[in-house]
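Asks: fold the stuff below for me.
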Amino acid sequence: MTTGRFDEALNMNCTNLPERRHRAATPSNGFTLMELLIVIAIILILMLMAIPTIGSLRKSAHRTSAINSLQTVNKAEVQYSSDYPASGFACSLSQLGGDPNAGAPNPNGAQILSGDITSGYKAGYVFTITCKNKITVNGQDRATSYVVTAVPQTVGKTGDSGFCSDESGVIKYDPAGGSNCTQLLQ
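Replies: The predicted structure follows:
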């Protein structure tokens, strides 16, 4: 009789054996700590590879914005000298700007340029206009030439090159990031 019970218990355990093995081989729901650490390490490596690329893309965008802004200032200077021939060219960005709510345009606020450029700072670059030559006609100073410059706020971070233009409309650059522009922009 005792052997009967033993055989019965043995048969019961053997018949449930495949079911028990199946439950043990079933993967658990979720990730192990090791899997999570590997995924995080891969993401960190990809981010470290992407950070320099993002910085160079930002500098490239700043460069393009500076060049486009110089072209815009040149066009505004041509319009200003046409609208106010007695003044010649504007000698400051504020002369090309102005608030439309302050009244009609005038030589001190022509309302030609938008505020983002006339503030002197745009996309990591500092913009300035200086008059090179002035003549006096009927007691009024008339600017006959100008130079507009765009230099990076922080050389190497916001931009690498400085840019300059004058009444000719030709844009030159300084690879050192200053305003000593000697090389033609291609």
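Asks: the chain: strands as residue ranges?
Replies: 121-122, 125-137, 140-152, 162-166, 171-174, 183-184 (DSSP state E).
Asks: from these, which stretch is densest packed?
Replies: strand 162-166 (a mean of 22; mean count of other CB atoms under 10 Å). From N, CA and C alone the C-beta is placed, and that goes for glycine too.
Asks: contact partners for Ser65?
Replies: Listed by CB atoms under 8 Å, 6 or more residues apart in numbering, the contact set of Ser65 reads Lys122, Ala123, Gly124, Tyr125.
Asks: please read the previous query as pertaining to Ser119.
Replies: Applying CB under 8 Å, 6+ apart, the residues contacting Ser119 are Leu93.
Asks: for it, give me the pLDDT.
Replies: In this model, Ser119 is scored at 91, pLDDT.
Asks: dihedrals phi and psi, it?
Replies: Dihedral angles of Ser119 (phi, psi; degrees, to the nearest 10) stand at phi -70, psi -20.
Asks: measure it to Ser92 for me?
Replies: Counting by CB to CB, to the nearest Å, the gap from Ser119 to Ser92 is 12 Å.
Asks: for Ile51, same thing?
Replies: Counting by CB to CB, the gap from Ile51 to Ser92 is 39 Å.
Asks: those two - which one has more neighbours?
Replies: Neighbours per residue (other CB atoms under 10 Å) separate Ile51 from Ser92, with Ser92 holding more: 15 against 10.
Asks: that one and Ala41, how far apart?
Replies: 54 Å.
Asks: how about Ile171?
Replies: 46 Å.
Asks: average pLDDT for the longest helix along the chain?
Replies: The helix that spans the most residues within the chain, counting by DSSP state H, is helix 33-83. On average, the pLDDT along helix 33-83 is 91.
Asks: taking the centroid of this structure, which residue is nearest it?
Replies: Among the residues of the chain, the one closest to the centroid is Arg58, at 3.9 Å (CA atoms, centre = their mean).
Asks: cool, thanks, talk later.
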